[in-house]
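Q: Give me a 3D structure for the following:
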Amino acid sequence: MNGFPAPQEGALVALFLTVRDVARSRRFYSEVLGGEVVLEENPCTVKLGNSWIIMNPGGGPTPDKPDVTLVAPDDPRTASAFMNLRVADIDASYAEWTAKGAEFLTPPIDREAEIRCYMRDPDGYLIEVGQATGMLRGIFARTDRPAG
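A: Residues are numbered from 1 along each chain as shown. Sure thing, here's the model as predicted:
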């Protein structure tokens, strides 16, 4: 998929935003800020400058983040976002970062569209680590399970 954040080696950083209305957010980041829509939904992905913004509605726990629920911010003075690291080889990244002291919620889990797992930084901020797999062949997130 042209322009989709899926590195051939190393890693890149993309920002995931929990949003209430994907279409409204997509319009803002593409039409207002001038980003390029790379994927309309599941998850909506907009290339902005040399980075990407990934947007999906909130949702309950999933197997790779079993105690985490994603919600859009209720109070504009608080944040509801997490860093999303896209890597070329999730197993290698997981092994390397675990060896360096990173604490993951689960090992990488294959979700068909991608393989992903989550870790927290020292302050408790959630960081998703994902490797696009099925997405590169047209297999996207299923809509019959919670987003996130």
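Q: Show me the contact partners of the longest helix along the chain.
A: The longest helix of the chain (DSSP state H) is helix 90-99. Identification of contacts with helix 90-99 by C-beta atoms under 8 Å, 6 or more residues apart in numbering yields 11, 85, 87, 104, 107-108, 115-117, 119, 129-131. Just so you know, the C-beta spots here come from the backbone N, C-alpha and C atoms, and that holds for glycine as well.
Q: phi, psi of Tyr29?
A: phi -70, psi -30 (degrees, to the nearest 10).
Q: now swap in Arg137 and tell me
A: When read as degrees, to the nearest 10, the backbone of Arg137 gives phi -120, psi 20.
Q: Tell me where the chain is predicted with low confidence.
A: Flagging of the chain using pLDDT under 70 yields the residue ranges 1, 78-80, 143-148.
Q: Quick one: the strands in it, in order.
A: 11-18, 36-39, 44-48, 51-56, 81-87, 103-104, 109-110, 114-120, 126-132 (DSSP state E).
Q: what are the pairing partners of the first one, and which direction each?
A: Its sheet considered, strand 11-18 pairs with strand 51-56 (parallel), strand 81-87 (antiparallel) by DSSP bridges.
Q: Mind checking those strands for the one nearest to Leu39?
A: strand 51-56 (8.6 Å; C-beta to C-beta).
Q: now the closest one against strand 44-48, angle please.
A: On the basis of axes from the mean of the first three to the mean of the last three C-alpha atoms, to 10 degrees, strand 51-56 is oriented at 160 degrees to strand 44-48.
Q: any residues touching strand 51-56, and which ones?
A: 5, 12-19, 22, 25-26, 29, 35, 38, 42-46, 70, 84, 86, 141, 147-148.
Q: Could you list the buried residues of that strand?
A: 52-56 (16 or more other C-beta atoms under 10 Å).
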